[in-house]
Structure formats: C-alpha cells, structure tokens
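S.K.: Need a 3D model of the sequence below.
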Amino acid sequence: MISLQHWHIDKPLLIGLILLSCISLLVLYSASLQAAAIPLGQLARLAIGFGVMLAVAQIRPEHLKRWSPYIFAIGLLLLLVVLAVGADTKGAQRWLNLGLFKFQPSEIMKLGVPMMTAWYLARQNLPPRSLQIGGAILIVLIPSYLIALQPDLGTALLITGSGVFVIFLAGMNWFTVIGLLALAGTAVPLVWTYLMHEYQRQRVLMLFDPTLDPLGAGYHTIQSMIAVGSGGFFGKGWLNGSQARLDFLPESSTDFIFAVFAEEFGLIGIVVLFSLYVFVVLRGLFIAFYAQETYARLLAGSLTLTFFLYFFVNIGMVTGILPVVGVPLPIISYGGSSIVTLMAAFGILMSIHTHRRIAQA
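M.R.: Residues are numbered from 1 along each chain as shown. Prediction:
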C-alpha cells in the first residue's frame, strides 16, 4: 500500500484541512437555505483545490525557488494587463475575462510575492541590511500598489502582509521594525486621501460606530454582530439560525459565513473551529521551523502566518473590531480561486516538509 509520504502529503496537515472542509460544506448548506447548488459547487472547488495541493506537493522546494522570479514576473505582467483591459464588475476592475471563465491575477501574487521575497532574501547574508530590506520592500509594494488601484485594498494589504512576514522572519531587528511602522504611520494620510475610495473610508468610519449608518455602510457589521451574539453558549442548532434564513445577514455564504456558524453552533462551536485553525497554523510553523534551507524556511513561515492573517482579519471584520474589507474565511467561505490558491500554498508546505524527510533518509 502506497503511503501518504510517497505522495508527499503531510498527514496532520491533511486531517486539519479535511475537517475544515467538512465544516465548510455543513455551514454552507445552512447559509444557502438548504439549496444544494452552493455546497455542491464548494465540494467541486475543494476537490480541485486538493488536486492542486497534491500536484504542487510533488514539486521539490529547489524547483519552487528557481521558478519564483518567473511566477512573480508573470503575476506582475497580468496585473498590468488587468488594469488596461480587465473586466469591470461592480465598479472594480480585478478580473481577466478568458471566455469560459474569469481569472483574478491578484491570486497569483498571494503566492508570487512571498516566493519572490523569500528568493531575494535567501540569496543575501542574513539578517538583511538596510539596502536589502529596501529591495525586498519594493518587491512587496509594487504589486500591492497595482492591486490597490483595481481597487482591492483588502487584498493589497494582505499581500503586503505576506511579504512583510518574509522580511521579518529573515531576521529584521526591532529597531528597523519600529522605524518601518513609524514610516507606515506617516503614509496613512496619503493612503486615506489618494488610494482609498469613499466607500472604503465609510467602512473605516463605521468601525467606530456602525449605528451612524445602520441601513448603509454599517449594515453588514450590525447584522453580523447580532448573529454572533445570538448564538450564545450552545448555539441555536444547525439549520436554525435566523439571521441567514430570514435574509438579514448579507454575503452569508462568503465574507460573513462565520456569523452563520457562530449563530448556529455558539461559543462551543467557535472554540472547536478556532482550535482547528490553530492546529493548522501550528503545524505550518512546525514545518517552517524544521525546513532545511533558508528559502524554504522563509516561505513556509510566511505562508503559514498569512493563512492566520486571513483568518484573523475575517473574524475581526465579522465581529466589528476591523473594517469590512471583503476577506473570506479561509477554506470555510464559498469561493473558487481563493480556495485553489490556499491549497496550492498548503501543497508548498507539504513539499517542503516531505522532501526534507527524503533528504534526511
């Protein structure tokens, strides 16, 4: 019998991802008012995602390192193309229409930016010097700026975070960290004035008091907080959540799927869900810690911390401690390209870990 290691699959990580996928199908069935189309669509997307994960896991880390500049360059080129001829959807120009399907180039950069940043820094003597940090920051900010112009500020910030994680893990000292944070703080007025659209500013303002516009910019936050709070300790039970069933909760299958879960399964369910996410993150950090090569270690650490960042931002958005930025709950939310990208990232983690074992054997 062929073992999972033969297929370069990390068993603990696979179990965590399968359990999260099962929860996704369970909650999406409820959020979609028991319509089978959405959970079946999610099942198909998850199957594709796991297939991509398996395929990527077969690629040795040294090949990923060699391909990093090319993946980054292709992603950068596609971002320029989408700004020129991209499909306009709801006022945002984020997609390339390829006839049979639409493709979002920013998804490539969720992997391309940390891969390229890790490739660049792994070629230097670590910890990086100021000039090297400056080069890495340029690698991160150029695609992030192009994505912000689409406009997709939420994705731009998260991709920026994925690159910053690589720089931090490379050994950047705390003096430099504080200096960069201060520099970022001085850039906030410029971002507010020149990069953010009016609806994005309204979302930030609603963070402080969503009741200022309860039927407009604050509606999403108010309804999601009602759903989360009404779940109590044990929850209302599967299929018994009122906010989604009565159509009060917007985007209940995507960005606000956590509110549906919290209302139906309560605090007990939230603890279980959080435990699964923490397990996956800890496993990813374990893989990063025992990686044999600098590039693999930086990339694995960044992909793991970025996964946690997506989870943290979505939960913060749904519970009203962060602005609504349109970030899905990883693996749980209904989606296509985002799931494939996430699974590709986990395929990279598995490749890094299982090929390390082979090298040691």
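S.K.: going forward, measure contacts and count neighbours with C-alpha atoms only.
M.R.: Fine.
S.K.: Residues contacting the longest strand anywhere in the chain, please?
M.R.: For the chain, the strand with the greatest residue count under DSSP state E is strand 92-97. Residues outside strand 92-97 that contact it (C-alpha atoms under 8 Å, 6 or more residues apart in numbering): 82-83, 85-88, 102-106, 147, 150-152.
S.K.: and if you look at stretch 319-334?
M.R.: Here stretch 319-334 has contacts from 20-21, 23-25, 28, 38, 42, 153-155, 203-204, 206-207, 220-221, 224-225, 228, 253-258, 307, 310-311, 313-318, 339, 342, using C-alpha under 8 Å, 6+ apart.
S.K.: Generate a PyMOL selection restricted to the buried entries among those residues.
M.R.: One line in PyMOL is enough to select the buried ones among the contacts of stretch 319-334; burial here means 16 or more other C-alpha atoms under 10 Å:
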select buried, resi 20+21+24+25+28+38+42+153+154+155+203+204+206+207+220+221+224+225+228+253+254+255+256+257+258+307+310+311+313+314+315+317+318+339+342
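S.K.: all strands of this protein, in order?
M.R.: 87-89, 92-97, 102-103.
S.K.: nearest to L141, of those?
M.R.: Closest to L141 of these, according to C-alpha to C-alpha: strand 92-97, at 17.6 Å.
S.K.: Just the mean pLDDT for the longest strand of the chain, thanks.
M.R.: Across strand 92-97, pLDDT averages out at 77.
S.K.: now it, how far from the chain's geometric center?
M.R.: Distance of strand 92-97 from the chain centroid (C-alpha atoms, centre = their mean, to the nearest Å) equals 19 Å.
S.K.: Can you list the strands that it pairs with?
M.R.: strand 87-89 (antiparallel), strand 102-103 (antiparallel) (DSSP bridges).
S.K.: Format the ones you listed as TSV; extra columns: mean neighbour count and distance to L14.
M.R.: Shown next, in TSV, are the strands paired with strand 92-97 (neighbours: other C-alpha atoms under 10 Å; distance: least, C-alpha to C-alpha, whole Å):
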stretch	mean neighbour count	distance to L14
strand 87-89	14	35
strand 102-103	16	27
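S.K.: Just the buried ones from the contacts of strand 92-97?
M.R.: Looks like the contacts of strand 92-97 have V82, L83, G86, A87, F103, Q104, P105, S106, I147, Q150, P151, D152 buried, using 16+ other C-alpha under 10 Å.
S.K.: how far away is S21 from Y334?
M.R.: Computed as C-alpha to C-alpha, to the nearest Å, the S21 to Y334 distance reads 11 Å.
S.K.: can you check F346 too?
M.R.: F346 is 18 Å from Y334, by C-alpha to C-alpha.
S.K.: for T160, same thing?
M.R.: 24 Å.
S.K.: circling back to that earlier point, quick one: which of the contacts of stretch 319-334 sit in helices?
M.R.: 20-21, 23-25, 28, 38, 42, 153-155, 203-204, 206-207, 220-221, 224-225, 228, 257-258, 307, 310-311, 313-318, 339, 342 (DSSP state H).
S.K.: which stretches of the stretch 251-361 of the chain have low pLDDT?
M.R.: 357-361 (pLDDT under 70).
S.K.: In it, mark out all the helices, start to finish.
M.R.: Assigned by DSSP state H, counting those that start in this stretch, the stretch 251-361 of the chain shows helices spanning 257-289, 294-319, 337-360.
S.K.: try the stretch 51-200 of the chain
M.R.: 61-85, 106-122, 130-148, 153-169, 174-190, 198-208.
S.K.: picking that back up, with distance to Q292 added, can I get the strands of the chain in JSON lines?
M.R.: Conversion of the strands of the chain to JSON lines gives the following (distance: least, C-alpha to C-alpha, whole Å):
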{"stretch": "strand 87-89", "distance to Q292": "43"}
{"stretch": "strand 92-97", "distance to Q292": "37"}
{"stretch": "strand 102-103", "distance to Q292": "35"}
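S.K.: and of these, who's closest to E198?
M.R.: strand 92-97 (13.6 Å).
S.K.: If we go by neighbour counts, what in that closest one is buried?
M.R.: Quick answer for strand 92-97 (16+ other C-alpha under 10 Å): Q93, R94, W95, L96.
S.K.: mind checking how far V313 is from L43?
M.R.: 24 Å.
S.K.: who's in contact with G154?
M.R.: Contacts of G154 (C-alpha under 8 Å, 6+ apart): V325, G326, V327.
S.K.: Leaving out the residues flanking it, which one is nearest to I133?
M.R.: Nearest non-adjacent residue to I133, counting by C-alpha to C-alpha, 6 or more residues apart in numbering: I167, 7.1 Å away.
S.K.: Read off the pLDDT value for the one you found.
M.R.: Confidence score, pLDDT, at I167: 93.
S.K.: Going forward, the N-terminal residue is numbered 596.
M.R.: Sounds good: first residue 596 from here, last item I762.
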